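Undergrad: Okay, structure incoming, though there's no sequence with it:
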C-alpha cells in the first residue's frame with residue numbers, strides 16, 4: 001500500500017496536468033491526431049500487453065529517455081501506466097521539463113482494457 005505522501009504527490013500532479021479517458025484516447029487514435037503514446041509501466045507489465053502504437057519507457061527513465069522519442073516541446077504526448085498514478089507523475093515531470101502538451105490516461109491500461 002503506497003504511503004499517503006505518494007497519493008498527495010499524485011493529487012498535486014493531477015491538478016497540474018491534463019487527463020483523458022480511454023474513450024477520448026480512442027477518438028484521438030481514430031481521428032489520426034498527431035501524438036506519441038508512451039507506456040511508462042515496467043517491462044514485466046508491458047509484456048502482458050500494451051495499447052497498440054505505444055512506445056515503452058519505464059517511469060524511472062522517462063525524463064532521461066524522452067529525447068529518444070521527441071525533443072519537440074510542443075509535441076502532444078499521451079502517457080499511461082497501470083492505473084493513472086505513475087503516468088500523472090511522469091506527465092508532471094515532463095511538464096516541468098518544458099513539454100507543453102502532455103496528457104495522462106486517467107485510468108491507465110486497466111481502464112483501457114475495461115473499455116474494450
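TA: Looks like it arrived, so ask away. Fair warning: this is a prediction, and the values are worked out from it, not measured in the lab.

Undergrad: quick one, helices of the protein?
TA: 4-16, 22-30, 43-46, 62-65, 85-96, 108-114 (DSSP state H).

Undergrad: give the contact list for residue 45.
TA: 82, 109 (C-beta atoms under 8 Å, 6 or more residues apart in numbering). (C-beta placed from N, C-alpha, C; glycine too.)

Undergrad: give me the low-pLDDT residue ranges for the chain?
TA: Within the chain, no range satisfies pLDDT under 70.

Undergrad: Can you tell me how far residue 68 is from residue 6?
TA: Plainly put, residue 68 is 27 Å away from residue 6 if you go by C-beta to C-beta, to the nearest Å.

Undergrad: same question, residue 58
TA: For residue 58 relative to residue 6 (C-beta to C-beta), the value is 17 Å.

Undergrad: pretty sure residue 65 contacts residue 57?
TA: Yes. In this structure, residue 65 is within contact of residue 57 by C-beta atoms under 8 Å, at 5.1 Å.

Undergrad: who has more neighbours, the two?
TA: The residue with more neighbours, out of residue 65 and residue 57, is residue 57; 20 against 13, by other C-beta atoms under 10 Å.

Undergrad: I figured the more buried one hits residue 67, correct?
TA: No. Applying C-beta under 8 Å as the test, residue 57 and residue 67 come out as separate, 10.6 Å apart.
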